[in-house]
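Chemist: model this:
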Amino acid sequence: MTTLTIRLDDRLDAELRDFVARTGRRKSEFAREALKRQLALARLEEITRHVAPFAEARGWLTDEDVFRALS
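Modeler: Next up, the predicted model:
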């Protein structure tokens, strides 16, 4: 396992300290989970940008269009 050091402004640090105190979770646990979620969202956005031109070429502009075509 590696270590990551980040700088937080005072307000964000206070929010994080309050949250972990209320929930009994650790800062590092919360940060790892938040980073995993953010990476998943970034990957989804990247895939969407790559696939969007192909979907639009087929007339798939919404989730409903895709669902209708695949159902």
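
Chemist: Helices of the chain, residue ranges please.
Modeler: Ranges of helices within the chain are 10-23, 27-57, 63-70, based on DSSP state H.

Chemist: Can you give the contact residues for the first one?
Modeler: Spelled out, that is helix 10-23. Leu8, Arg25, Arg26, Lys27, Phe30 (Cβ atoms under 8 Å, 6 or more residues apart in numbering). In this view, the C-beta of every residue, glycine as well, is placed from N, C-alpha and C.

Chemist: Same check on the last one?
Modeler: Judged by Cβ under 8 Å, 6+ apart, the contacts made with helix 63-70 from elsewhere in the structure are Ala55, Arg58, Gly59, Trp60.

Chemist: Burial check on the second one, number of neighbours?
Modeler: Spelled out, it's Arg58. 10 (other Cβ atoms under 10 Å).

Chemist: backbone phi and psi for it, please?
Modeler: Main-chain dihedrals, Arg58, degrees, to the nearest 10: phi -90, psi 0.

Chemist: So for the closest residue to Trp60 other than its chain neighbours, what pLDDT did the model give?
Modeler: The shortest distance from Trp60 to any non-neighbouring residue, by Cβ to Cβ, 6 or more residues apart in numbering, is to Val66 (5.0 Å). Per-residue pLDDT puts Val66 at 84.

Chemist: Same check on Arg58?
Modeler: So, for Arg58, pLDDT stands at 89.

Chemist: How about the contacts made by it?
Modeler: Ala69.

Chemist: That one and Glu33: what is the separation?
Modeler: 36 Å (Cβ to Cβ, to the nearest Å).

Chemist: For the chain, spot the helix or strand the model is least confident about on average.
Modeler: helix 63-70 (a mean of 88; mean pLDDT, DSSP states H and E).

Chemist: Now stretch 50-59 - C-alpha only, PDB.
Modeler: What follows is stretch 50-59 as a C-alpha-only set of coordinates in PDB (Å, rounded to 0.1, in the frame of the first residue of the first chain):
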ATOM      1  CA  HIS A  50     -15.600   7.700 -26.800                       C
ATOM      2  CA  VAL A  51     -18.800   5.900 -27.500                       C
ATOM      3  CA  ALA A  52     -21.100   9.000 -27.900                       C
ATOM      4  CA  PRO A  53     -20.300   9.600 -31.600                       C
ATOM      5  CA  PHE A  54     -21.100   6.000 -32.500                       C
ATOM      6  CA  ALA A  55     -24.400   6.100 -30.500                       C
ATOM      7  CA  GLU A  56     -25.400   9.400 -32.100                       C
ATOM      8  CA  ALA A  57     -24.800   8.000 -35.500                       C
ATOM      9  CA  ARG A  58     -27.300   5.200 -34.800                       C
ATOM     10  CA  GLY A  59     -29.800   7.800 -33.500                       C
END
